[in-house]
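Chemist: can you look at this prediction? I've put the sequence above it.
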Amino acid sequence: MKAEELYKVAHKIVVVTGGANGLGFAMARAMSDNGARVVIVDRDRTDAEHAVSELSARGGKVRCEVADLADGESLRTLFERIAAQDGGLDVVFANAGITAGPGFLATSGERDPQGAIETISDELWSQVLAVNLHGVFKTIQAAVPHLKKRGGGRVIVTTSTAATKTSPMVGTPYLATKGAAAHLVRQLALELARYSITVNAIQPGPFQTRITFPELVPVFAAGSPIHRIGQPEEIEGVALFLASDSSGFVTGAQYNIDGGQLLGRAD
Amino acid sequence: MKIAELFRVDGQVALVTGGASGIGYACAEVLADNGASVCILDRDAAKLDEAKARLSAISPDVMAEQADVTDRASMRKAVAHVIDRFRRLDIAFINAGVGGGPGFLDMAGNRNPAGAVENLDDKFWYGHVTSNLTSVFVSLKSVVPVMRAQRSGSIIVTTSVAALKTENFVCTAYLTAKAGAAHLVRQVALELARYNIRVNAMAPGSFVTGIGGGRMADPAVQKRFAAANPLGRMATPDEIKGLALFLASSASSYVTGAQLAIDGGGSLGLAD
């Protein structure tokens, strides 16, 4: 079978949360470049509108919605509107995520008091949970009725290699929320399999996005077996595979895309 | 990026061990369908001829080599023939494996004395370690020198979800050998990353193939496997194609050392 047929997403209706930037934008682009109808959901109107105009200029059928992912009620209303206006729902990328400040080690390898467990503010903890965990949960809650109505669909959650391994330079709330999201994916995959809804996670390692601290880029590159960090466009292949019919037998999986980061270090 | 561009393999050269049937054949077919030159390796001459004929209907750039993946000389010769004809090697599916042997429970869920650890015949132990672990090592040794000289390559090993979780009706020796192969993939991925060679594993769950002496063709066995799967079914070999082409092509340029499960959720446990 030709690749165009295998990974076909044309005419699918796709929602990408956090789709205005970084990995989410690359996911939205991979979909819209290949004929899907894409709704970018983002909290930042300016960024979202900019993303829409960039993808539209490439011939994509894209629009945006501004939403706060911590607000479950408004997400339900939003997905109702998308299903009504765009003609249903096939694929949801629950991708939006925020960083959680410094880890307990600084890039120098010294302890960073700001990232110490006893210093992390309740406010930061709550903010990170609101987006990275509650946001994923509420996005999927709002989407599932429409996927069931469709007789099946795809849910793809962006987690992180920090969900699998500890990472001293990554903020502790980030790591905890990603670990929780990864396990939520497995449980929902089990629940939703009989409705032909697959639920999988893309587990990126270090990528060059807005939430990557610039000072960490050389550290991550040096620590990577392939000696570089990922570029957002390198997420497009896995996004297309998991969104398309060709991943029909994949569910509950964590697909890591990390340049070998989880393997450890070599030379 | 457009799909055709992203998953491009045309002009590339691929080798597939265990390529005459099942998952291996499906990998070979998707590569040929997308313009790669493909050599299938198999120990079964009759199946090899038949598979070569089917692939030749897709592409003229197809070859078939009878080879034993547990035999260094045989693998060296087969790889040399590929290089003679196609001059390079970009993609290697190290897929050949042998199933079968008793689990400690039978398909009905009762204890199976033949599969009990204290009774398990040495022939199963040595057989599975040779066919499912040493075979991967021998295949890696055969393809890596070519890729290292090129400073590029993508190697994809077929492991199994049985490498990731326990399975009470799968032979203990099979499961252990596959776990060895899974960890070998990680170590070799780490070693070869700096030479721009990516090494990944596909970990399939229950696929209807000829593995295990053809027991997957038995409707009663299929029913048992389907009932143990959250999606409620087994997969056809064609369902590996999306994952195979993703890993073979530069669409997976930042993926190495990964075990990508394709198991219908079989490793999650059971729902209704």
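Modeler: Done, it's in. Fair warning: this is a prediction, and the values are worked out from it, not measured in the lab.
Chemist: wait, residue B:161 sits on residue B:265?
Modeler: No: in this structure, residue B:161 is not within contact of residue B:265 by Cβ atoms under 8 Å, at 10.0 Å. Using the backbone N, CA and C atoms, a C-beta is placed for each residue, glycine as well.
Chemist: looking at these two, which is more packed in?
Modeler: Taking neighbours as other Cβ atoms under 10 Å in any protein chain shown, residue B:161 and residue B:265 compare with residue B:265 leading, 30 against 23.
Chemist: toward the C-terminus, what is the element adjacent to the host helix or strand of residue B:54?
Modeler: According to DSSP states H and E, residue B:54 maps onto helix B:45-56. Next along the chain after helix B:45-56, taking DSSP H and E as the criterion, comes strand B:62-66.
Chemist: okay, now the sheet partners of that next one, with direction.
Modeler: strand B:37-42 (parallel) (DSSP bridges).
Chemist: what's the partner strand in contact with?
Modeler: Defining contact as Cβ atoms under 8 Å, 6 or more residues apart in numbering or on different chains, one finds that strand B:37-42 is touched by B:11-21, B:24-25, B:28, B:31-32, B:48, B:51-52, B:55, B:59, B:61-67, B:69, B:75, B:78, B:81-82, B:85-86, B:96.
Chemist: list, one by one, the residues from the stretch 101-250 of chain B near chain A.
Modeler: Near chain A, the residues belonging to the stretch 101-250 of chain B are B:186-187, B:189-191, B:193-194, B:196, B:205, B:229-232, B:235, B:238-239, B:241-243, B:245-246, B:249-250 when assessed by Cβ under 8 Å from any Cβ of the partner chain.
Chemist: among those, which are located in helices?
Modeler: Judged by DSSP state H, those include B:186-187, B:189-191, B:241-243, B:245-246 as members of helices.
Chemist: now the residues you listed: which count as buried?
Modeler: B:186, B:189-191, B:241-243, B:245-246 (16 or more other Cβ atoms under 10 Å in any protein chain shown).
Chemist: wait, which of the residues you listed is closest to chain A?
Modeler: Nearest to chain A out of those is residue B:242 (Cβ to the nearest Cβ; 2.6 Å).
Chemist: which residues does that closest one contact?
Modeler: A:6-7, A:241, A:244, A:246-247 are the contacts of residue B:242 under Cβ under 8 Å, 6+ apart.
Chemist: what residues sit buried inside the helix holding residue B:54?
Modeler: Neighbour count says helix B:45-56 has B:47-48, B:51-52, B:55 buried, by 16+ other Cβ under 10 Å.
Chemist: could you dump the residues you listed into JSON lines and include pLDDT?
Modeler: As requested, the buried residues of helix B:45-56 are arranged in JSON lines below (pLDDT from 0 to 100):
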{"residue": "B:47", "pLDDT": "97"}
{"residue": "B:48", "pLDDT": "98"}
{"residue": "B:51", "pLDDT": "98"}
{"residue": "B:52", "pLDDT": "98"}
{"residue": "B:55", "pLDDT": "98"}
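Chemist: with distance to residue B:166 added, can I get those residues in CSV?
Modeler: Shown next, in CSV, are the buried residues of helix B:45-56 (distance: Cβ to Cβ, whole Å):
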residue, distance to residue B:166
B:47, 32
B:48, 34
B:51, 33
B:52, 38
B:55, 37
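Chemist: identify the farthest-apart pair in the residues you listed.
Modeler: Greatest spatial distance in the buried residues of helix B:45-56: B:47 and B:55, 12.2 Å, computed using Cβ to Cβ.
Chemist: quick one: the helices in the stretch 1-150 of chain A?
Modeler: A:3-6, A:22-32, A:45-57, A:72-86, A:122-129, A:135-150 (DSSP state H, counting those that start in this stretch).
Chemist: can I get the ones you listed in a markdown table with mean neighbour count and distance to residue A:179?
Modeler: Formatted as a markdown table, the helices of the stretch 1-150 of chain A follow (neighbours: other Cβ atoms under 10 Å in any protein chain shown; distance: least, Cβ to Cβ, whole Å):
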| stretch | mean neighbour count | distance to residue A:179 |
| --- | --- | --- |
| helix A:3-6 | 20 | 32 |
| helix A:22-32 | 27 | 18 |
| helix A:45-57 | 17 | 28 |
| helix A:72-86 | 16 | 22 |
| helix A:122-129 | 15 | 12 |
| helix A:135-150 | 21 | 12 |
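Chemist: for the closest residue to residue A:224 other than its chain neighbours, helix, strand, or coil?
Modeler: The shortest distance from residue A:224 to any non-neighbouring residue, by Cβ to Cβ, 6 or more residues apart in numbering or on different chains, is to residue A:259 (4.5 Å). Secondary structure for residue A:259, judged by DSSP: H, G, I helix; E, B strand; the rest coil, is coil.
Chemist: can you pull the contacts of residue A:259?
Modeler: So residue A:259 contacts A:205-206, A:224-226, A:228-230, B:193, B:254, B:256 (Cβ under 8 Å, 6+ apart).
Chemist: which one (most neighbours) among those residues?
Modeler: residue B:256 (32 neighbours).
Chemist: that one reaches residue B:193, doesn't it?
Modeler: Yes: using Cβ under 8 Å, residue B:256 is in contact with residue B:193, at 5.8 Å.
Chemist: overlap in contacts, the two.
Modeler: A:225-226, A:259-260, A:263.
Chemist: my guess is residue A:240 contacts residue A:6. True?
Modeler: No: using Cβ under 8 Å as the test, residue A:240 is too far from residue A:6 to be in contact (9.2 Å).
Chemist: identify the bridge partners of residue A:207.
Modeler: Note on residue A:207: beta-bridge partners residue A:230, judged by DSSP bridges.
Chemist: circling back: out of the contacts of residue A:259, who's nearest residue A:58?
Modeler: Scanning the contacts of residue A:259 for proximity to residue A:58, where the rule is Cβ to Cβ, the winner is residue A:230, at 21.7 Å.
Chemist: quick one: contacts for the closest one?
Modeler: So residue A:230 contacts A:204-208, A:257-259, B:254 (Cβ under 8 Å, 6+ apart).
Chemist: pLDDT wise, what is it at?
Modeler: The model reports residue A:230 with a pLDDT of 96.
Chemist: what of the one 4 residues further on?
Modeler: pLDDT, residue A:234: 98.
Chemist: can you find the helix or strand of chain A with the lowest average pLDDT?
Modeler: helix A:216-223 (a mean of 86; mean pLDDT, DSSP states H and E).
Chemist: let me know whether it sits next to chain B.
Modeler: No: residues of helix A:216-223 are not located near chain B by Cβ under 8 Å from any Cβ, the shortest gap being 11.7 Å.
Chemist: please state the offset of that helix from the chain centre?
Modeler: With Cα atoms, centre = their mean, to the nearest Å as the basis, helix A:216-223 stands 22 Å off its chain's centre.
Chemist: then that helix to PDB, C-alphas only?
Modeler: The C-alpha coordinates for helix A:216-223 follow below in PDB (Å, rounded to 0.1, in the frame of the first residue of the first chain):
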ATOM      1  CA  LEU A 216      19.000  23.400  28.600                       C
ATOM      2  CA  VAL A 217      19.300  22.900  24.800                       C
ATOM      3  CA  PRO A 218      23.100  22.200  24.800                       C
ATOM      4  CA  VAL A 219      22.800  20.100  27.900                       C
ATOM      5  CA  PHE A 220      20.100  18.000  26.300                       C
ATOM      6  CA  ALA A 221      22.000  17.800  23.000                       C
ATOM      7  CA  ALA A 222      25.200  16.600  24.800                       C
ATOM      8  CA  GLY A 223      23.200  14.100  26.800                       C
END
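Chemist: check which residues of that helix are buried.
Modeler: A:216-217, A:219-220, A:223.
Chemist: mind picking the two most distant members of those?
Modeler: Among the buried residues of helix A:216-223, A:217 and A:223 lie farthest apart (Cβ to Cβ), at 10.9 Å.
Chemist: show me the contact partners of stretch A:107-123.
Modeler: So stretch A:107-123 is in contact with A:101-106, A:169, A:171-173, A:215-216, A:219, going by Cβ under 8 Å, 6+ apart.
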